[in-house]
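Peer 1: Structure for this input, please:
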Amino acid sequence: MSGLYIHIPFCKSRCAYCAFYSQTNPSLQEVFVKSLCQELELRQDELVQLAPFESLYFGGGTPSLLSPHFLEQILSFVAPYLDTSPTTEWTLEGNPDDLTPSYAQAIRALGFNRVSLGVQSFRDEELRFLGRRHTAKEVYRALDTLREASIDNISIDLIYGLPAQSRVVWQRNVAEALSLHLPHLSAYNLTYEEKTRLSQLALRGRVVMQSDEEALQDYDYLVDALAQAGYDHYELSNFAFRGKHSRHNSSYWQRIPYLGFGPSAHSYIPESRYANVANLKQYIKLIQEGQKPSVFREELSLQDCLNEWIMVALRTSKGIDLQLISEIYGTRTRASLIARSRPYLEQGLLELGTTMRYSLEQEQLPWAVGEKASDAPYLRATRTGILLVDTIISDLFDL
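Peer 2: Okay, here's the model as predicted:
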């Protein structure tokens, strides 16, 4: 299994909070698509090595700004390397106001069977604050349009922790999302990334950030509401009905190999990580010179891999597979990891379990602390622990 990511670096305007690489000059789309196809040719050996790809993800930026004609050009280069089974997942990120009936029909005809919509809020005043260019009404219209085009596998993003957002408003946003009965939902705490418009507003005192406690309360409400509605809480920020988990994003959390193409795209092949230059003009220049546009590469040591495994696995409901830890790193490493986990096991923030589960509801620990710990196959966060998982992860690293 492997994943293929295509970064489309175009936006009509920059959102106040976004730190992903993009630019707003649509006149560069044609030369970008040509360069992207050339990059696919330059890195054909990597494609052959990891093919067939079981997931394809067009992210950005705003991929829905590309015309069906440009999307078709790109797909003609990647299609030979894709898994042809019915379970292959092709995702396109889109903005609600881009998804006209003709566009939705066109992307479905090209093979896209999943769309991720950047909704963020169902309140127009919040959308304006965030710099989003769509309205709440356009969200509902886009969802109807996608379903009419036979695209039912739809995910939406929501943001919580907005300045001055009341608890009631957040709860209404969650209720609106639940009323749509969508198969997948992602929710993220608003972050103040360096050099974004939002961070500049905060530095000037123009906005007051929510406290961590308030954000945790919003997140806790979200987890409860979605669990009651039947969603699997399968990763820290991701919820889905059973069978609708994002195959592509899950590959990141399981450290499955993936290739990224386009400016700023990242790739991972065990045990190496590398990234393309995060500048469209430099990206185009390098490719026109016949060079691969990668500007960063990191070789991961065994210890790096272990720490990364801890970091990504503990964010998921499956948790850390201790049997695999033993097989790859040895029983001594497994015992050391459990020993570092002991304070959190005693506090009920981590647990040792025998089976995978997807909801992070509180439950009785299947092992008493210190009893048969060497036999437990999974180490994972409890419902309470998932709220503090970033702090827990850093304490579990093998230094």
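Peer 1: From the chain's centroid, how far away is stretch 280-290?
Peer 2: 27 Å (C-alpha atoms, centre = their mean, to the nearest Å).
Peer 1: so what secondary structure elements neighbour the helix or strand where residue 29 lies?
Peer 2: Using DSSP states H and E, residue 29 sits in helix 29-42. Other elements packing on helix 29-42 under the criterion 3 or more C-beta pairs under 8 Å, 6 or more residues apart in numbering; DSSP states H and E are helix 68-78, strand 258-261, helix 280-288. The C-beta positions use only the backbone N, C-alpha and C, and glycine is treated the same way.
Peer 1: got CSV for these, with mean neighbour count and mean pLDDT too?
Peer 2: Listed next are these as CSV, based on neighbours: other C-beta atoms under 10 Å; pLDDT from 0 to 100:
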stretch, mean neighbour count, mean pLDDT
helix 68-78, 17, 98
strand 258-261, 22, 98
helix 280-288, 18, 97
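Peer 1: export the ones you listed to a markdown table and tack on distance to residue 185?
Peer 2: Below are the helices and strands packed on helix 29-42 laid out as a markdown table (distance: least, C-beta to C-beta, whole Å):
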| stretch | distance to residue 185 |
| --- | --- |
| helix 68-78 | 25 |
| strand 258-261 | 23 |
| helix 280-288 | 31 |
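Peer 1: ok, back up a step: in the helix holding residue 29, what's buried?
Peer 2: 29, 32, 33, 35, 36, 37, 38, 39, 40, 42 (16 or more other C-beta atoms under 10 Å).
Peer 1: May I see these organised as a markdown table, with pLDDT added?
Peer 2: Formatted as a markdown table, the buried residues of helix 29-42 follow (pLDDT from 0 to 100):
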| residue | pLDDT |
| --- | --- |
| 29 | 97 |
| 32 | 98 |
| 33 | 98 |
| 35 | 98 |
| 36 | 98 |
| 37 | 98 |
| 38 | 98 |
| 39 | 98 |
| 40 | 98 |
| 42 | 97 |
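Peer 1: Got phi/psi on the most centrally placed residue in the chain?
Peer 2: Nearest to the geometric centre of the chain sits residue 249, at 5.3 Å (C-alpha atoms, centre = their mean). Dihedral pair for residue 249: phi -60, psi -30, per degrees, to the nearest 10.
Peer 1: quick one: it from residue 231, how far?
Peer 2: 15 Å (C-beta to C-beta, to the nearest Å).
Peer 1: Over to residue 193?
Peer 2: Shown here: residue 193 relative to residue 231, a distance of 28 Å by C-beta to C-beta.
Peer 1: higher neighbour count, these two?
Peer 2: A count of neighbours by other C-beta atoms under 10 Å puts residue 231 above the other of residue 193 and residue 231, at 24 against 12.
Peer 1: right, and the more buried one touches residue 183 too?
Peer 2: No. Assessed by C-beta atoms under 8 Å, residue 231 is found out of contact with residue 183, at 9.1 Å.
Peer 1: where along the stretch 1-150 of the chain do the helices fall?
Peer 2: 29-42, 44-50, 68-78, 101-110, 124-130, 136-148 (DSSP state H, counting those that start in this stretch).
Peer 1: Now do the third one against helix 101-110, angle only.
Peer 2: In this case it means helix 68-78. Calculated by axes from the mean of the first three to the mean of the last three C-alpha atoms, to 10 degrees, helix 68-78 forms an angle of 10 degrees with helix 101-110.
Peer 1: Identify the residues contacting helix 68-78?
Peer 2: Helix 68-78 is contacted from outside by 4, 6, 29-30, 33, 36-37, 40-41, 47, 53, 56, 58, 63, 92, 103, 106-107, 110-111, using C-beta atoms under 8 Å, 6 or more residues apart in numbering.
Peer 1: Now do the closest residue to residue 156 other than its chain neighbours against residue 51, distance only.
Peer 2: Counting by C-beta to C-beta, 6 or more residues apart in numbering, residue 119 is the residue found nearest to residue 156 once chain neighbours are left out, at 4.3 Å. For residue 119, the distance to residue 51 (C-beta to C-beta) stands at 33 Å.
Peer 1: Since that was my last question, I'll sign off now.
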